[in-house]
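[1] Pasting the sequence and the predicted coordinates here, then a few questions.
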Amino acid sequence: MANKVRGQIPADFEGEKINLILSTNSICELEDAAELAIDEFLEKFQPGAKVRMKDLRLLFWALMLDERPAATVKDAGKLIDGLRGDHDRIMTEAILAAFPDAQEGGEPGK
C-alpha cells in the first residue's frame with residue numbers, strides 16, 4: 001500500500017499495483033542518465049514548457065526504480081501508456097513529495 005507521507009504514489013503496472021517514488025537513489029540514477037542535476041532536469045517540466053516524451057519517460061523510469069530496480073525506460077513508457085493521461089498528476093505529486101519546499105513556492109534544491 002502506498003504511503004503518501006513517504007512520497008509513494010500508487011499506480012497500476014502490467015496488472016499489479018506498484019508505488020512510484022522519487023527517492024534520493026532514484027534521483028541519483030536520473031541525474032546520471034540525463035547528465036543533468038535534478039533541478040536542471042525538472043526545469044523541463046515547468047508550466048508552459050514543451051516537454052519531450054523522452055524526458056517524461058526518463059522521469060517515470062526513475063519513479064519506478066525503488067520498487068522495480070531492473071525497470072527499463074521501455075517499462076516506463078508502458079507505465080505511462082497504462083496511466084491513460086493520469087501521468088501529469090502522478091508526476092506532480094511525486095515531485096512535490098520529493099521536494100516539499102516546492103509546495104510553498106520555493107525551488108527544489110534551494
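    Good, I have the coordinates.
[2] For this structure, which segments count as strands?
    Listed in chain order, the strands of the chain (DSSP state E) span 9-13, 16-20.
[3] Just tell me which of the ones you listed ends up closest to residue 75.
    Using C-beta to C-beta as the measure, strand 9-13 is the one of these that comes nearest residue 75, at 7.7 Å. (Glycine included, C-beta is placed from N, CA and C.)
[4] just how off-centre is stretch 49-69 within its chain?
    Relative to its chain's centre, stretch 49-69 lies at 5 Å (C-alpha atoms, centre = their mean, to the nearest Å).
[5] can you list contacts of it?
    Applying C-beta atoms under 8 Å, 6 or more residues apart in numbering, the external contacts of stretch 49-69 come out as 9, 13, 18-23, 25-27, 29-30, 33-34, 41, 43-45, 71-73, 75-77, 79-80, 87, 90-91, 94.
[6] From those, list the buried ones, please.
    Applying 16 or more other C-beta atoms under 10 Å to the contacts of stretch 49-69, the neighbour count classes 9, 13, 18-23, 26-27, 29-30, 34, 41, 44, 71, 75-77, 79-80, 87, 90-91, 94 as buried.
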